[in-house]
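**Student:** Let's see this in three dimensions:
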Amino acid sequence: MAKVYKEITKDISKSLAKLRMEAPELMKGFGDMATAGFSMFPFVMPSATDPVSSLTMWDAVSSKKTMGIMLVVTLIFLPLILFYTSWVFSVLRGKVTLQAIQDHSNSMY
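**Tutor:** Residues are numbered from 1 along each chain as shown. From the prediction side, this is the model:
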């Protein structure tokens, strides 16, 4: 039991060390995108030829009714999608071996 615990903690330590090495690069990418977004505010898509024709944050939003409908649809369908995805993952888990393919040679692969 102690050996298993040591192996688990060793794996966790390796994963954390790898994350510490990669995190600065990920944060730099996020910082670059945030800087670009804040510097362009309120323009979503600025027009190069006519600044008055640019798409702004306020022009790009939907109506309250549309947003409410999308909220309801999301609350209904997101749990269904998550349930279905987890069910498919549990059904299809495991490795496909050559022996399993040969045993079920009559099915379509």
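**Student:** Ser54 touches Met45, doesn't it?
**Tutor:** Yes. Using Cβ atoms under 8 Å, Ser54 is in contact with Met45, at 6.6 Å. In this view, the C-beta of every residue, glycine as well, is placed from N, C-alpha and C.
**Student:** Between the two, which has more neighbouring residues?
**Tutor:** Between Ser54 and Met45, counted using other Cβ atoms under 10 Å, the more crowded position is Ser54 (16 against 11).
**Student:** What residues does the more buried one make contact with?
**Tutor:** Listed by Cβ atoms under 8 Å, 6 or more residues apart in numbering, the contact set of Ser54 reads 43, 45-47.
**Student:** For this protein, which residue occupies the most central location?
**Tutor:** Leu82 (13.0 Å; Cα atoms, centre = their mean).
**Student:** for that one, what are its contacts?
**Tutor:** Leu82 neighbours (Cβ under 8 Å, 6+ apart): none.
**Student:** any idea which element it lies in?
**Tutor:** helix 64-91 (DSSP states H and E).
**Student:** can you give me how far that helix is from the chain middle?
**Tutor:** Offset of helix 64-91 from its chain centre (Cα atoms, centre = their mean, to the nearest Å): 15 Å.
**Student:** rewinding a little: among the contacts of Ser54, who's most crowded?
**Tutor:** Busiest of the contacts of Ser54 [other Cβ under 10 Å] is Phe43, holding 15 neighbours.
**Student:** Give me the distance between the nearest residue to that one once chain neighbours are set aside and Val44.
**Tutor:** Leaving aside its sequence neighbours, Phe43 sits nearest to Ser54 (Cβ to Cβ, 6 or more residues apart in numbering; 5.0 Å). Distance, Ser54 to Val44, using Cβ to Cβ, to the nearest Å: 8 Å.
**Student:** go on, Ser86?
**Tutor:** 35 Å.
**Student:** Which of the two has more residues huddled nearby?
**Tutor:** A count of neighbours by other Cβ under 10 Å puts Val44 above the other of Ser86 and Val44, at 15 against 10.
**Student:** wait, is the more buried one part of a strand?
**Tutor:** Yes. Counting by DSSP: H, G, I helix; E, B strand; the rest coil, Val44 is part of a strand.
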